[in-house]
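K.L.:
here are the coordinates; sequence isn't available:
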């Protein structure tokens with residue numbers, strides 16, 4: 001009891017006294033007065049350190065590299081954190097040489113897709129063959145509005161020339177030109193042959209941010225639907241077998257697959273405008289069921305079938321002057 005009274009009088013806790021008994025009488029409380037550390041660098045040493053860090057020799061070096069280099073030569077002035085602290089105090093945490101400065105990441109905008117052929121996304125996925133390490137390559141283009149597969153091909157290798165031929169065939173057969181084509185950053189996507197073709201049709205090109213797979217989430221979702229389906233083969237014997245199976249699956253997906261992202265309508269129902277009548281009948285049926293048995297609905301809300309708003313990240317290329 002006496003100890004608690006003493007602690008209350010001194011404004012400390014019993015735990016503090018216990019620490020003093022076990023670790024000594026050094027006051028470690030925040031804000032307490034402390035003697036200046038003998039380990040601190042003197043003003044002359046700070047100046048010497050600054051001269052070394054900002055010298056021409058170390059203009060392109062980070063503090064960690066400077067410490068390592070000097071240590072190899074048998075010299076140690078201060079730690080890397082001290083160098084950072086010094087540069088921060090003297091407002092020198094900037095480029096100390098003529099090296100290329102980092103460029104700001106291109107700004108991305110959120111694009112709302114309200115109709116077909118406004119934004120297409122595409123990608124290439126591998127298809128296994130019986131030969132270990134050898135694959136076939138499935139090129140697929142998806143329309144973000146209705147999730148329909150508007151074009152595809154399967155080839156033995158990846159190239160921007162094959163990509164260009166795919167887009168040329170799809171735009172010719174469908175007689176449409178999308179406003180935007182979005183892709184990842186692979187060579188077939190950024191190749192000059194495809195880029196020139198898309199630019200000739202006045203199609204805007206957009207690419208995913210580095211290490212951001214979610215920027216091309218719609219086509220990645222298609223790949224999961226493809227490869228996680230029950231009938232997906234473990235491998236394809238040859239190119240012809242792969243094309244036949246892929247064609248059948250694309251037809252099923254476009255015309256029979258009730259897509260959860262489309263309120264359980266098929267891509268072609270949305271693309272052709274039939275989804276509106278479909279949703280009307282569903283909503284009417286649920287509304288009539290609620291009127292017949294209102295006690296089965298705990299609140300006034302009922303499920304309403306409607307197309308969700310489709311949004312994607314659009315990162316246009318810089319204009320070339």
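P.N.:
Thanks, I have it. All values reported here derive from a predicted model rather than from experimental measurement.
K.L.:
Tell me the secondary structure at residue 141.
P.N.:
Put simply, residue 141 is strand when judged by DSSP: H, G, I helix; E, B strand; the rest coil.
K.L.:
Look up how far residue 12 lies from it.
P.N.:
Per Cβ to Cβ, to the nearest Å, residue 141 is found 72 Å from residue 12. Where you see a C-beta, it was placed from the backbone N, CA and C, and this is true even at glycine.
K.L.:
So between the two, which is more surrounded?
P.N.:
The neighbour comparison of residue 141 against residue 12 (other Cβ atoms under 10 Å) goes to residue 141, with 22 against 14.
K.L.:
Neighbours of residue 134, how many?
P.N.:
If we define neighbours as other Cβ under 10 Å, then residue 134 has 10 of them.
K.L.:
Where do the strands of the stretch 1-150 of the chain begin and end?
P.N.:
Here the stretch 1-150 of the chain has its strands, by DSSP state E, counting those that start in this stretch, at 109-113, 119-128, 135-143, 149-155.
K.L.:
May I see those strands arranged in CSV, with mean pLDDT and distance to residue 177 as well?
P.N.:
Putting the strands of the stretch 1-150 of the chain into CSV (pLDDT from 0 to 100; distance: least, Cβ to Cβ, whole Å) gives the following:
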stretch, mean pLDDT, distance to residue 177
strand 109-113, 83, 16
strand 119-128, 95, 10
strand 135-143, 97, 13
strand 149-155, 97, 12
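K.L.:
a markdown table for the ones you listed, including distance to residue 221?
P.N.:
Shown next, in a markdown table, are these (distance: least, Cβ to Cβ, whole Å):
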| stretch | distance to residue 221 |
| --- | --- |
| strand 109-113 | 15 |
| strand 119-128 | 10 |
| strand 135-143 | 9 |
| strand 149-155 | 12 |
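K.L.:
isn't residue 115 right up against residue 146?
P.N.:
No: counting by Cβ atoms under 8 Å, residue 115 does not reach residue 146; the two are 9.1 Å apart.
K.L.:
joint contacts of the two?
P.N.:
Between them, residue 115 and residue 146 share no contacting residue under Cβ atoms under 8 Å, 6 or more residues apart in numbering.
K.L.:
Just name the shakiest helix or strand of this structure by mean pLDDT.
P.N.:
When the helices and strands of the chain are scored by mean pLDDT, DSSP states H and E, helix 2-10 comes last with a mean of 77.
K.L.:
and it, what other elements does it pack with?
P.N.:
Under the contact definition 3 or more Cβ pairs under 8 Å, 6 or more residues apart in numbering; DSSP states H and E, helix 2-10 sits against helix 14-23.
K.L.:
Buried residues, the helix it packs on. List them.
P.N.:
The neighbour-count criterion (16 or more other Cβ atoms under 10 Å) identifies no buried residues in helix 14-23.
K.L.:
Let me see the mean pLDDT of that helix.
P.N.:
Taken as a whole, helix 14-23 has a mean pLDDT of 79.
K.L.:
So which elements touch that helix?
P.N.:
Contact analysis of helix 14-23 by 3+ Cβ pairs under 8 Å, 6+ apart lists helix 2-10 as its packing neighbours.
K.L.:
orientation of the helix it packs on relative to helix 14-23 in degrees?
P.N.:
Here helix 2-10 runs at an angle of 110 degrees relative to helix 14-23 (axes from the mean of the first three to the mean of the last three Cα atoms, to 10 degrees).
K.L.:
Tell me which residues are up against helix 2-10.
P.N.:
If you take Cβ under 8 Å, 6+ apart as the criterion, helix 2-10 is touched by 13, 14, 16, 17.
K.L.:
Show me which of these is closest to residue 251.
P.N.:
Residue 251 has its nearest neighbour among the contacts of helix 2-10 in residue 13, at 75.1 Å by Cβ to Cβ.
K.L.:
Skip the chain neighbours and tell me the closest residue to that closest one.
P.N.:
Closest residue to residue 13 apart from its sequence neighbours, by Cβ to Cβ, 6 or more residues apart in numbering: residue 7 at 6.0 Å.
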